[in-house]
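>>> What shape does this take:
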Amino acid sequence: MSGDFPKNAEEARLDRDTTREELTETLEALGQKLDVKTRVSESVDEKLDQATAKVADVTNEPTAVKFRQGADAVRAHPLPVFAGVLGLVIVIRLILRRRNS
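As a prediction, the model looks like this:
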């Protein structure tokens, strides 16, 4: 299609179907980009996998097993862990701010 108005019903149907496919692909791509929860979860999983591999390389087996268990706990319940880390960051920032005053 050159962007001209369809000349017959068959061209119109073909144009309609092509447009629907393109819109569907575009909406799926936008949906994936806007799905922040899934993207964050994938990012956390990736970082945990990298950290677990590094710990396994540099430590003994019992330590690596404990770290893997901790990583699995983070995957299962990321919100409490995130809240704890955020709280820790806030406390550290408050302590540093008081020291500088």
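
>>> Regarding the residue sitting nearest the centre point of the chain, what is its secondary structure?
Nearest to the geometric centre of the chain sits Arg39, at 1.8 Å (Cα atoms, centre = their mean). Per DSSP: H, G, I helix; E, B strand; the rest coil, the local secondary structure of Arg39 is helix.

>>> That one: what's it in contact with?
Gln32, Lys33 (Cβ atoms under 8 Å, 6 or more residues apart in numbering). C-beta coordinates here come from the backbone N, C-alpha and C atoms, glycine included.

>>> Quickly note the distance from it to Ala53.
Applying Cβ to Cβ, to the nearest Å, the value for Arg39 to Ala53 is 22 Å.

>>> how does this structure divide up, domain by domain?
10-59, 61-100 (the TED database).

>>> want to throw the ones you listed into CSV with mean pLDDT and distance to Asp4?
CSV is the format used below for these (pLDDT from 0 to 100; distance: least, Cβ to Cβ, whole Å):
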stretch, mean pLDDT, distance to Asp4
domain 10-59, 87, 9
domain 61-100, 86, 53
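
>>> returning to that earlier point: Ile95 versus the residue nearest to the centre of the chain, what's the distance?
Between Arg39 and Ile95 the distance is 33 Å, computed by Cβ to Cβ.
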